Each structure stands twice: as C-alpha cells, then as structure tokens.
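Trainee: no letters, just coordinates:
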C-alpha cells in the first residue's frame, strides 16, 4: 500500500539516499516471492510504523512449510553454520572487526531467478545444497519436487563470487586494521595471478573460485586455515582438491594456490620468476638486436626497406650473389 510508490524514500543525516519502493513485478520473480513482508519484518506491529531500527533476523521462521517438513521454514541451520565460521560475529571481537564482517544481506540481496541450459546443471551439487535446509527423510519425493530449482539459478558466476569476496579482502588498509597476516592481505592479488584466477577472469565456470576451496556444499562454513573444520586445513586439502582434480598427490596438494614471488614466502618461486623474466627479456632483446643488425647490414649493401602493402626489401646488393666456381 505504501511501498509501491516509486519515489518513496528519504535522505538521511549523512546525505545517503534511501529508496523505499518495492517493485511488485520484480519481487514476484525473486527468491522470496512467496514470503510475506512481516515474516522478515516481524517487529512491525502497526501501520504506519515507527522508524526501522531493528536488523532483519534471517533465522526467523516463515509462514511456509517446506515439503515433507514438520515445521515452518527457517534459515536457522545456515545462520548457525555462519555463526561458527570465520565470518561469524563473536562477543570477543573488537568493534572494528564486528563492523567489517559481512552479514547475510552483504552477500544476498533477494536475487532473481534466471534460466540456464541443462548442460550446466550440477545435480549432485544442487542436491547437496538443498539438503542444507530440507530434511533428508523422503528424499526421493523431495528431490522430484525440487528439480524445478535445477532449471533455474540465482547463484553468482565464479567471476561475481571473486568480485564479491574482493570487496573486503582486496581492501589492504582494512585488512591491516584487522591485523590479518601479510599472506591474507595479498590473497586477492595472488589468486588473480594463479591459474585459477586467470581462468575465472576469462569466464571459466570450472576453475576454482573462492567458495570452491574455502567452503563445502554448506557454502557458509568458511574457517581459518588452522581450524580443523576448514576445507583449507592441511589435513583436508586432499579432499578439497579432489572436487576438481581426479588424482591429486601430496606433492600436488602442497603447491601454493595463492602463489607469491616474494623471497620471504617462497624463495624457489622468487628466483625462478627472476630467471624467467631474464630469459623472456633476453630472448626479446636478442631478436630485436638481430633484426637491427640485419637491417643495418642490408642498408649498408644498398638494399632498401619499402613499407608498402607490408614490408619488403628492394634493390640489388652491392656485393651481389656469390660467384660460381
């Protein structure tokens, strides 16, 4: 009744413009199209309501009961998983860290469904994600019901996932304030220099993005590398790499996913990068030197370089062809 007006909004004390319009046509094609407003905004008890000060609690139960479930739907399991992760806010966190950690709405913005080709559907991965919220009992009937989800997607592409994570992790000034390690400060840069990062930037959906390595099918269980529950914990790296690579070895798993050419981190890569640079520049300079030397020799003999419809040499050499004996 109120939020349908396109120009409904205000400018706050900091000069930021807030738009209160909810486009019904767009909302009806989004993930939350079946959710009533007060399922999320449960603190609103009258119309017109007071200024909104409460944060949305994504663990609230909705007025929707999933198939084969005994209670109303809720994101509680995902919220619990998130709260245990490296991104979860704890009472001992300093205020700057609490403000920096991303909450649900930082990553999720009620995305729209978009159709994709059936060849791109990963059925096993999708079913694993469905079981994060849906009960496993009656899985055969539930899977038949949920296959409509496989023909549509809301998840981001690998490139978009990297861009989303980079919003925070690429901010070196913020990372330094949070006192993360020097390796973590360079995480986005070193990933982009890796084979995974280069393939993702070229549009690959098979190369590993941030979530592929740092989370399981639960997606929100991102832990630090020294946490035994984490997918990047040293004892779990083999299983993580096996998601994409058929027969990884211990040596393969030990290769740096975030390679750095700094001497303090990897002396071998540091000296090898110097050697390869010298080899590359040496080869190029040698070829240019040979071209200049050849050009000088021909010009000295009277042969001219003509730049017309390409390049070609015209004229007879002063020395002429070698005489036959």
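Mentor: Alright, I've got the coordinates. Since the model is a prediction, treat every value here as computed from it, not as a measurement.

Trainee: what stretches of this protein score poorly on pLDDT?
Mentor: Confidence mapping of the chain against pLDDT under 70 gives the ranges 66-69, 113-121, 123, 134-155, 261-266, 305-325.

Trainee: domain boundaries for it, per the record?
Mentor: Described in terms of automatic domain parsing, the domain architecture of the chain consists of the residue ranges 157-260, 272-314.

Trainee: which stretches of the chain form strands?
Mentor: According to DSSP state E, the chain carries its strands in the segments 9-11, 17-19, 114-115, 152-153, 304-307, 311-314.

Trainee: got a list of contacts for the second one?
Mentor: So that's strand 17-19. 8, 9, 10, 11, 12 (CB atoms under 8 Å, 6 or more residues apart in numbering). Heads up, the C-betas are built off the backbone N, CA and C, glycines and all.

Trainee: let me have those residues in a markdown table, adding neighbour count as columns.
Mentor: Compiled in a markdown table, the contacts of strand 17-19 are given as follows (neighbours: other CB atoms under 10 Å):
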| residue | neighbour count |
| --- | --- |
| 8 | 13 |
| 9 | 12 |
| 10 | 10 |
| 11 | 9 |
| 12 | 8 |
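
Trainee: ok, back up a step: quick check: which of the domains of the chain has the most neighbours on average?
Mentor: Taking mean count of other CB atoms under 10 Å as the contact definition, the stretch among those with the greatest mean neighbour count is domain 157-260, which reaches a mean of 16.

Trainee: compute the first-to-last residue distance for it.
Mentor: Across domain 157-260, the terminal residues are separated by 26 Å (CA to CA, to the nearest Å).

Trainee: from the chain's centre, how far out does that domain sit?
Mentor: Mean-position distance between domain 157-260 and its chain equals 9 Å (CA atoms, centre = their mean, to the nearest Å).

Trainee: from the contacts of strand 17-19, pick the one nearest residue 36.
Mentor: residue 8 (19.5 Å; CB to CB).

Trainee: ok, now which ones touch the closest one?
Mentor: Listed by CB under 8 Å, 6+ apart, the contact partners of residue 8 are 2, 19, 20, 21.

Trainee: rerun at 6 Å
Mentor: If you count contacts by CB atoms under 6 Å, 6 or more residues apart in numbering, residue 8 has them with 20, 21.

Trainee: likewise for residue 161?
Mentor: Shown in contact with residue 161 (CB under 6 Å, 6+ apart): 209, 210, 211.

Trainee: returning to what we had before: turn the domains of the chain into a markdown table, columns for distance to residue 60.
Mentor: Converted to a markdown table, these look like this (distance: least, CB to CB, whole Å):
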| stretch | distance to residue 60 |
| --- | --- |
| domain 157-260 | 17 |
| domain 272-314 | 52 |
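
Trainee: so which of the ones you listed gets nearest residue 122?
Mentor: When those are ranked by proximity to residue 122, the top entry is domain 157-260, at 9.8 Å, counting by CB to CB.

Trainee: who are the packing partners of the helix ranked longest in the chain?
Mentor: In the chain, taking DSSP state H as the definition, the longest helix is helix 267-300. Judged by 3 or more CB pairs under 6 Å, 6 or more residues apart in numbering; DSSP states H and E, helix 267-300 has no packing partners among the helices and strands.

Trainee: make 21 the first number, not 1, from now on.
Mentor: Understood, numbering begins at 21; the last thing we discussed is helix 287-320.

Trainee: distance from the chain centre to it, please.
Mentor: Relative to its chain's centre, helix 287-320 lies at 37 Å (CA atoms, centre = their mean).

Trainee: before we move on, what about stretch 305-325?
Mentor: Mean C-alpha position of stretch 305-325 versus that of the full chain (CA atoms, centre = their mean) differs by 50 Å.

Trainee: burial count for the nearest residue to residue 64 once chain neighbours are set aside?
Mentor: Of all residues not flanking residue 64 in the chain, residue 58 sits nearest, at 6.2 Å (CB to CB, 6 or more residues apart in numbering). Neighbourhood size, residue 58 [other CB atoms under 10 Å]: 12.
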